[in-house]
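Chemist: have a look; sequence and predicted model below, questions after that.
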Amino acid sequence: MYQVRLWSTRHSRSMERLYEIMNPAVLLFLRCMTRILGRRLDRPVTAIERTMKGFLFDCQMCGDCVLSKTGMSCPMNCPKTMRNGPCGGVRANGMCEVKPDMRCVWVEAWAGAKDMTSGGDIKQVQFLLDYRDKGKSSWLKVARDE
Amino acid sequence: MNKIKDIARPGDPLPILSGHVSNGRFERVLRAGHFAVTTEIAPPDSSDPREVLIRARLFDGYVDAINATDGSGAHCHMSSLAVCAILTRVGYSPIIQISCRDRNRIAIQGDILGAAALGVCNVLSLTGDDVSAGDHPSAKPVFDLDSVSLLGTIKIMRDEARFLSGRPLDSAPNLFLGSTINPFVPPVRNRVDQLAKKIKAGAQYIQSQYCFDLDLLKPFMKRAVDEGLTNDCFILIGVGILASARTARWLRENVPGVHIPDDIIDRLEASKDQKTEARKISVELMQKIKEIEGVSGIHVMAYKQEKHVAEVVKQSGILAGRQPWAPQRTEVEIKE
């Protein structure tokens, strides 16, 4: 859902507010449920996360969500999956070098970060991704301090 | 400015000076406060090592380091590691370019150790063009790392003498660490932030994309200087040597990230001898760029125009009478 993704980045401040309100409650809920259900929680939570974030951000389920640090633009939609972008090939009109019909994910990210209170986090260096986490829930990872 | 002592014989590593990270001549030139010149070699589509030496010879006495590109434009050529190894044998100071497109962290870390073992002192971290840009568009793109996390990886290997996994190295690779920047494409406003990120990750020098637009370069450099970024990092600006207005147009339309303003193309078109005019443009750009505060050198990119690099550098006078090291041609006989 390319258009929804662009909308989400344009409304990065609202998304951030939503995240700030929801995050403590969701984490608390997941922590409690983990105690009761253990690993049986993984499948439904992962499915919910995939659906919600997939709709809003075209989430690719990398398993290590950095949306709050990338202006609410998912870096895994970059054809080079750059987590510290942009690359040097961005077109003069801000479109992707590889997919000319797509806005550069990182042009969007820097624009989104500008409006966020924690927008400065985009300047943090994102180190390596653990590819074993691909397809797993980031929410559960945080809730379980994994 | 300090004088540089050069006692290197081919294959002998120079001693590491205090405050330096590498055994290399390139780092010495920059840290001594000289205005450095680098260029890039187009790796041959050949298994003949002489091809590499013939190409390198064109730059003798005019450049401080030679970049060996790593499948540039996603086209297949001799590997950058092999080109570097051939160059270090005769004493050249190559910069190994490592792109994240073709190899994962296991292969890249192995290549970094191998490069250092073969006498390579400088590395340039790149994300790399996508496979769709090249002659093997059906290949699987890897992109396990990006240019920033690759910088971090090499820094860990060098400074902490370990692999990413934590497994210790018996001897760490002494590499001078660099990366690229393109201040001429969107998001132009954030390109300085991107530079800061690369420096934070470990970049000690930067080679920029082609600069044909000083109006974009000047504010970029001013902000970089104001933010203190040029204290921690040497910035070399890319200058191209064009062949004609047609190639300029082709480059602009087909090579990702190349920004050439219309006035350059108009000027080429209006001239009687486009080739000479193009070299004149390069000379003028070099001279003007040298005057900009915070710039430590020029990176000449002259694809298919390599034979003009020495002449353009000479005419520009940016070396200010200094003659970069070149191998004594008594030891290697090259038949052309």
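Modeler: Right, received. Where do you want to start?
Chemist: which residues touch the residue most central in space within chain B?
Modeler: Most central in chain B under Cα atoms, centre = their mean is residue B:67, positioned 4.7 Å from the mean C-alpha point. The neighbours of residue B:67, taking Cβ atoms under 8 Å, 6 or more residues apart in numbering or on different chains as the test, are B:38-41, B:94-95, B:97, B:124, B:207, B:299. C-beta coordinates here come from the backbone N, C-alpha and C atoms, glycine included.
Chemist: helix, strand, or coil at it?
Modeler: strand (DSSP: H, G, I helix; E, B strand; the rest coil).
Chemist: just give the closest residue to it, not the sequence neighbours.
Modeler: Leaving aside its chain neighbours, residue B:67 sits nearest to residue B:40 (3.9 Å; criterion: Cβ to Cβ, 6 or more residues apart in numbering or on different chains).
Chemist: hang on, isn't that neighbour packed against residue B:304?
Modeler: No. Under the criterion of Cβ atoms under 8 Å, residue B:40 makes no contact with residue B:304, lying 11.9 Å away.
Chemist: looking at these two, which is more packed in?
Modeler: Taking other Cβ atoms under 10 Å in any protein chain shown, residue B:40 and residue B:304 do not tie; residue B:40 has more neighbours (25 against 10).
Chemist: looks to me like the more buried one is in a strand.
Modeler: Yes. With three-state DSSP as the criterion, residue B:40 is located in a strand.
Chemist: list the contacts of it.
Modeler: Neighbouring residues of residue B:40 by Cβ under 8 Å, 6+ apart: B:66-69, B:299-301.
Chemist: try 6 Å
Modeler: Residues counted as contacts of residue B:40 (Cβ atoms under 6 Å, 6 or more residues apart in numbering or on different chains) are B:67, B:69, B:301.
Chemist: who in chain A is up against chain B?
Modeler: Listed as neighbours of chain B in chain A under the rule Cβ under 6 Å from any Cβ of the partner chain: A:79-82, A:84, A:87-90, A:94, A:97-98, A:107, A:110, A:125, A:127-128.
Chemist: just the pLDDT for residue A:145.
Modeler: The per-residue pLDDT reported for residue A:145 equals 87.
Chemist: helix, strand, or coil at it?
Modeler: Three-state call for residue A:145 (three-state DSSP): coil.
Chemist: just the helices in chain B please.
Modeler: Taking DSSP state H as the criterion, chain B contains helices spanning B:25-31, B:49-57, B:80-89, B:105-117, B:147-160, B:191-201, B:214-226, B:229-232, B:245-254, B:262-270, B:274-291, B:309-316.
Chemist: how about the residues of chain B near chain A?
Modeler: Counting by Cβ under 6 Å from any Cβ, chain B sits next to chain A at B:127, B:130, B:132, B:143, B:146, B:148-149, B:152, B:182, B:185-187, B:190, B:197, B:200-201, B:209, B:256-257.
Chemist: tell me how many other residues crowd residue B:140.
Modeler: 8.
Chemist: what pLDDT does residue B:329 get?
Modeler: In this prediction, residue B:329 carries a pLDDT score of 55.
Chemist: I misspoke; the intended subject was residue B:336.
Modeler: Residue B:336 is given a pLDDT of 46.
Chemist: how about residue B:45, nearest residue that isn't a chain neighbour?
Modeler: residue B:77 (5.7 Å).
Chemist: how far away is the one you found from residue B:257?
Modeler: From residue B:77 across to residue B:257, the span is 20 Å (Cβ to Cβ, to the nearest Å).
Chemist: sec struct for the residue nearest to residue A:69 when sequence neighbours are not counted, please.
Modeler: Nearest non-adjacent residue to residue A:69, counting by Cβ to Cβ, 6+ apart: residue A:121, 4.1 Å away. At residue A:121 the chain is in helix, as set by three-state DSSP.
Chemist: now do the buried residues in stretch B:47-56.
Modeler: B:49, B:51-53, B:55-56 (16 or more other Cβ atoms under 10 Å in any protein chain shown).
Chemist: pLDDT score assigned to residue 65?
Modeler: No chain specified, so I'll use chain A. 96.
Chemist: my question was about chain B
Modeler: pLDDT, residue B:65: 98.
Chemist: just confirm it contacts residue B:92, I think it does.
Modeler: No. Contact criterion Cβ atoms under 6 Å: residue B:65 and residue B:92 do not qualify, at 8.2 Å.
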